[in-house]
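> build me a structure from this.
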Amino acid sequence: MSTVPPFEECQRRFVLYCIAHGLQPGDEWKPYKYMAWICKMEREYKISRGIQGRWTPIDDQDDFTLYIEQHVRQN
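Predicted coordinates for the structure are as follows:
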C-alpha cells in the first residue's frame, strides 16, 4: 500500500484516478489498481478513436488526458 501525496505533487492522470475513486491526499491506495485503471482508460480511448492494435502507441497524449478528464466528470 502507498499513501496518496498532495495533489499538487502528482501527475494529472493520477489526480483524475484519485477523483474517480474518491481518494484524497493521505489515503491509502494500491499502485496496481491505478495501473489497471489507466490501461482500461487506454483501451477505451483507442476504441473511441479507432486506433487499431493493442501495442499501438497513443500519439496525442494531451487528447488522451482530456478523454480521461471527460470520463471522470461524467461518472
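> mean confidence for the lengthiest helix in the chain?
Secondary structure of the chain read by DSSP state H shows that its longest helix is helix 31-49. Regarding helix 31-49, the rounded mean pLDDT is 96.
> can you point out the buried residues in it?
34, 37-38, 41-42, 45-46 (16 or more other CB atoms under 10 Å). In this view, the C-beta of every residue, glycine as well, is placed from N, C-alpha and C.
> distance from it to the middle of the chain?
Between the centre of helix 31-49 and the centre of its host chain there is 7 Å, according to CA atoms, centre = their mean, to the nearest Å.
> alpha carbons only: can I get that helix in CSV?
Once non-C-alpha atoms are left out, helix 31-49 reads as follows in CSV (Å, rounded to 0.1, in the frame of the first residue of the first chain):
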residue,chain,number,x,y,z
PRO,A,31,-0.5,1.1,-7.3
TYR,A,32,-1.6,-2.0,-9.2
LYS,A,33,-5.2,-0.7,-9.2
TYR,A,34,-4.0,2.6,-10.8
MET,A,35,-2.1,0.7,-13.4
ALA,A,36,-5.2,-1.5,-14.2
TRP,A,37,-7.4,1.7,-14.4
ILE,A,38,-5.1,3.6,-16.7
CYS,A,39,-4.8,0.5,-19.0
LYS,A,40,-8.6,0.3,-19.1
MET,A,41,-8.8,4.0,-20.0
GLU,A,42,-6.2,3.4,-22.7
ARG,A,43,-8.3,0.6,-24.2
GLU,A,44,-11.5,2.7,-24.2
TYR,A,45,-9.7,5.7,-25.7
LYS,A,46,-8.2,3.6,-28.5
ILE,A,47,-11.7,2.1,-29.3
SER,A,48,-13.3,5.6,-29.3
ARG,A,49,-10.6,7.0,-31.6
